[in-house]
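Novice: Predicted model follows, preceded by the sequence.
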Amino acid sequence: MIRIGIVGGRGLSTMRGFLSRPDVCEVTAICDLDEEVMERPKERFGYDVPHKFRVYEDMLAADIDAVVIATPMQNHVQQAIEALHAGKHVMCEVTAGVTMDELWWLKEAVEESGKIYFFAENYCYIPQNQVIRNMVRDGLFGEIYFGEGEYTHNVVSYATYGKGVTGKDTWRRWWQLGKRGCFYPTHSLGPVAQWFGDDHVKSVACFSSGQHVAALEGIYRLDDTTETLCQMESGKLIKLRVDCLSRRPHCMHYYSLQGTQGCYEAPRGMGDDHKVWFASPEHPRDGEWRPLSDFYDQYLPDRYRKASEEQKNSGHWGGDYFIVEDFLNAVLTGQQPELNVYRACEWTAVGLLSELSVTNGGRVIEMPKFRPDTPLSEQITKLW
């Protein structure tokens with residue numbers, strides 16, 4: 001039986017997943033500074049977590065086997081390393097860290113510990129992204145060479161607390177709206193990077209539209225919109241847009257993909273739907289869009305089709321359920337998951353390097369190689 005401890009209120013999104021597997025796991029501990037958060041599992045799921053802690057180190061000393069880290073992003077690396085040193089497996093929310101040094105510390109701690117580190121990038125588990133991935137594997141798009149992801153989500157309202165403490169800054173004021181560049185890349189990058197298989201990011205360049213809304217707000221350092229270009233080791237290209245200030249409707253999960261024989265576009269709103277186009281031998285330049293749903297029967301993973309309504313509604317289009325399932329399987333088998341520490345570091349580093357790029361006029365920054373046992377001599381950041 002895997003005993004789970006959750007730290008941070010965001011971690012409650014994993015509760016349905018854990019509660020659906022009473023044969024292999026039990027949530028035995030929860031930790032948060034806000035005691036109200038620790039009572040929410042009982043209110044939402046009818047499950048009273050047996051042990052409640054306000055001090056993280058006290059929870060680590062308890063009888064648990066794994067930790068879900070869902071605290072503010074600036075705490076992720078410290079808490080992950082503490083858990084690994086305490087002999088616990090880790091599932092950690094995005095981003096993996098907030099500095100390049102932290103990413104090397106994290107990588108080395110995972111390698112030394114021998115424990116599972118699972119990067120909880122749940123956008124990789126959006127059903128449509130899974131369908132596209134399987135279609136890429138079957139070659140329907142030909143050779144893919146360009147992909148893009150967008151995360152446009154106005155988070156200004158999250159920058160201050162409510163509930164009687166209105167006006168007090170939250171961590172987002174500093175670690176999100178106080179950053180330059182593509183500070184939150186992994187929702188946009190993760191699914192697209194998976195479509196590119198074993199390819200890796202070779203270099204990053206980031207460009208800003210300026211600070212227009214930010215100037216109106218008067219207090220934020222974040223660029224209104226950034227476009228980040230990721231050149232892959234193969235020479236192929238991924239483009240990312242992150243925008244958390246612009247006044248517009250949410251579009252937190254837009255993706256597109258281009259190959260030699262077809263393309264894909266996600267919807268942006270107003271009744272649009274996921275759609276694909278394929279060149280025909282007779283008319284390679286003609287043809288019409290087709291709904292992606294035409295391909296669900298063949299390419300939607302079997303476990304998605306068999307999922308219960310409760311599992312599908314667990315959050316993030318069912319992603320919060322399936323990501324828990326894969327974490328538990330990794331712990332049970334002892335095999336590092338696909339969303340491992342190396343992917344976590346590379347995808348997070350795209351954002352960190354973009355900050356360096358945009359503050360230097362879009363200068364190209366080389367991505368260090370986050371690989372097993374990377375020597376210190378290769379843990380460097382190169383500017384082109």
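Specialist: In hand now; what should we look at?
Novice: Just the helices from this structure, written as ranges.
Specialist: With DSSP state H applied, the chain shows helices at 15-19, 35-45, 56-60, 76-85, 100-113, 127-137, 172-175, 186-195, 213-217, 296-299, 302-305, 309-312, 319-333, 341-358, listed in chain order.
Novice: Now do the buried residues in the second one.
Specialist: Meaning helix 35-45. Buried residues in helix 35-45, counted by 16 or more other CB atoms under 10 Å: 37-38, 40-41. C-beta: built from backbone N, CA, C; applies to glycine.
Novice: List just the nearest of those residues to residue 382.
Specialist: residue 37 (42.7 Å; CB to CB).
Novice: Spatially nearest residue to the closest one, not counting backbone neighbours?
Specialist: residue 9 (4.3 Å; CB to CB, 6 or more residues apart in numbering).
Novice: for the stretch 101-250 of the chain, which spans come out with low pLDDT?
Specialist: 163-166, 217 (pLDDT under 70).
Novice: all strands for it, in order.
Specialist: 117-119, 144-152, 201-208, 226-232, 237-243 (DSSP state E, counting those that start in this stretch).
Novice: and among these, the most buried is which?
Specialist: strand 117-119 (a mean of 27; mean count of other CB atoms under 10 Å).
Novice: Now do that strand: which elements does it pack against?
Specialist: strand 89-92, helix 319-333, helix 341-358 (3 or more CB pairs under 8 Å, 6 or more residues apart in numbering; DSSP states H and E).
Novice: which residues make contact with that strand from outside it?
Specialist: 80, 84, 89-92, 94, 96, 106, 110, 186, 323, 326-327, 330, 336-337, 339-341, 343-344, 347 (CB atoms under 8 Å, 6 or more residues apart in numbering).
Novice: can you rerun that using 10 Å?
Specialist: 66, 68, 80, 83-84, 89-96, 106-107, 109-111, 186, 190, 323-324, 326-331, 336-345, 347-348 (CB atoms under 10 Å, 6 or more residues apart in numbering).
Novice: which residues does the spatially most central residue of the chain contact?
Specialist: The residue lying closest to the centre of the chain (CA atoms, centre = their mean) is residue 121, at 3.0 Å. By CB under 10 Å, 6+ apart, the contact set of residue 121 is 92-96, 186-187, 189-191, 193-194, 319, 323, 339, 343-344, 347-348.
Novice: Return the distance of it relative to residue 91.
Specialist: Residue 121 is 11 Å from residue 91, where distance means CB to CB, to the nearest Å.
Novice: repeat for residue 343
Specialist: Distance from residue 343 to residue 91, by CB to CB: 14 Å.
Novice: Neighbours of residue 333, how many?
Specialist: 10 (other CB atoms under 10 Å).
Novice: ah, wrong one, I meant residue 100
Specialist: Around residue 100 there are 18 residues (other CB under 10 Å).
Novice: okay, it: pLDDT?
Specialist: For residue 100, the pLDDT comes out at 96.
Novice: Likewise for residue 84?
Specialist: 98.
Novice: could you list every residue that touches it?
Specialist: 67, 90, 106, 109-117, 341.
Novice: Reformat these as a markdown table; add distance to residue 299.
Specialist: Formatted as a markdown table, the contacts of residue 84 follow (distance: CB to CB, whole Å):
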| residue | distance to residue 299 |
| --- | --- |
| 67 | 34 |
| 90 | 31 |
| 106 | 34 |
| 109 | 37 |
| 110 | 32 |
| 111 | 35 |
| 112 | 39 |
| 113 | 36 |
| 114 | 36 |
| 115 | 34 |
| 116 | 28 |
| 117 | 29 |
| 341 | 29 |
